[in-house]
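1. sequence? don't have it. structure:
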């Protein structure tokens, strides 16, 4: 085959091909390669006298390819740089040919490189890897959060008892100390709620909300959390209601504002914009992420020091911090990722060193979600209570203080440490007027205890309690419990109010 025929064949081939010398100097490429890499013509490719090493995105790969490329060019999947500076993943195959007699070819061997775009698959693999990381950390966080919730519930209950014992006119300092302790415990309980949301042990309560109203209501708190040398501005354009948890949105905005503050130690500007936008099928095919449709978008932009591409790629890893020289808060950005995943939304990050950072939160429009058949999350049901109570809880500290609380309010209380123990107590002392049981326990879980009592025909009114919402059972493939539910950490007022509410419903007389 003549050189002219061979060149025409290469240029018309659908597979992207590049020809270069064994030292890396580019000799030519076909139309598929030019289109893939963003060049308009072969002359545009050759005019800067490029070397194939210049296309490699990884610095170590470029440094390694200094000699004979027939031995060193990686015949594998590597990241290349396009003409506009963006990167793509290519599967590279190489072969050699003896050079034709040409004035511009010094080596006697020509390297022929064939590349295939595999960027989309890499995006999907990255998404799968990130989802697996979140699932693993979610399981760990869920177990830790449940134990912390028991501890916090006991702390709050003890504080209520302590405060009840104070008489008016006693030392203001004591009351202030109690209030500070309460504030710290309440803050800790909110942290646990977000941790449970992140772990997907508890679903967020999604409702139709206005992104503009939620963001504006957050501005006062955000301003107070930022130093005077950080200017904060907000703008909004028309966008319909989105399906979101307002409290979670405020928490995510607070996290992003705190990160922006740390990125601007010498001051700067934080801009928050609310608007509409979305993705199409082409975006999904190009980037490998995004569910085509319309979204409400909150964009948070700072003028801070920005982040490298490597830092951005790790930003949502658990326990990774973008703060230089600091361990950082650990779970903050991975928690934002988890919250957005529960919203069935997306998060996008753009940042360069010295150029600041822009983060976009994409929330599904409520109208779109309704068309797609998304159900809103169920609120816990309400129900009944009674004077003779069996309280089942495996956490000893929480069980002791709860028994004390109920007895102080005039109820007779039996206690059990788990489901099997509860069956033994009832066998000896009879069916109580109300069963209060934790959901997650050894031996028999709360639901298994209820099922067994129902089978025996001895089921009293039931109040379930847990640091998990009953909705987490749905995600585990189980039906949601059809019983009243009190979420940990509860206060004494909330517990007693729920118990009396159940009493009235079941027509049991309360002292």
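-> Here it is on my side, so go on. From a predicted model like this one, the values you see are computed outputs, not experimental measurements. Residues are numbered from 1 along each chain as shown.

2. now what about stretch 349-357, what contacts it?
-> Defining contact as C-beta atoms under 8 Å, 6 or more residues apart in numbering, one finds that stretch 349-357 is touched by 260, 263, 268, 301-308, 311-312, 315, 358-359. From N, CA and C alone the C-beta is placed, and that goes for glycine too.

3. so which of these sits lowest on pLDDT?
-> Of all the contacts of stretch 349-357, residue 315 carries the smallest pLDDT score, 84.

4. so where do the strands sit in the stretch 151-300 of the chain?
-> 207-209, 230-236, 242-244, 268-279, 293-302 (DSSP state E, counting those that start in this stretch).

5. my bad, the stretch 351-500 of the chain
-> Residue ranges of the strands in the stretch 351-500 of the chain, as given by DSSP E, counting those that start in this stretch, are 357-364, 388-392, 412-416, 434-438, 462-466, 485-487.

6. and the second one, what does it pack onto?
-> Looking back up the chat, that one is strand 388-392. With contacts defined as 3 or more C-beta pairs under 8 Å, 6 or more residues apart in numbering; DSSP states H and E, strand 388-392 has these neighbours: helix 396-408, strand 412-416, helix 419-429, strand 434-438.

7. re earlier: buried among the contacts of stretch 349-357? Make that a ChimeraX selection.
-> To isolate the buried members of the contacts of stretch 349-357 in ChimeraX, using 16 or more other C-beta atoms under 10 Å:
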select :260,263,268,301,302,303,304,305,306,307,311,312,315,358,359
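
8. between the contacts of stretch 349-357, which is closest to residue 229?
-> When the contacts of stretch 349-357 are compared for distance to residue 229 (C-beta to C-beta), residue 268 wins out at 7.7 Å.

9. how close does the closest residue in space to the closest one that isn't next to it in sequence get to residue 226?
-> Distance criterion C-beta to C-beta, 6 or more residues apart in numbering; nearest residue to residue 268, sequence neighbours excluded, is residue 303 at 4.0 Å. Using C-beta to C-beta, to the nearest Å, residue 303 is found at 13 Å from residue 226.

10. so what sits against both of the two?
-> With C-beta under 8 Å, 6+ apart as the test, residue 303 and residue 226 both reach residue 270.

11. excluding sequence neighbours, find me the nearest residue to residue 463.
-> Closest residue in space to residue 463, ignoring its immediate chain neighbours: residue 436 at 4.6 Å, by C-beta to C-beta, 6+ apart.

12. hang on, isn't the one you found packed against residue 389?
-> Yes. Look at residue 436 against residue 389 with C-beta atoms under 8 Å: they come within range, at 6.1 Å.

13. looking at the two, which one has more neighbours?
-> residue 436 (27 against 24; other C-beta atoms under 10 Å).

14. measure that one to residue 158 for me?
-> Residue 436 is 18 Å from residue 158, by C-beta to C-beta.

15. before we move on, what about residue 347?
-> Distance, residue 347 to residue 158, by C-beta to C-beta: 39 Å.

16. again, but for residue 181
-> 10 Å.
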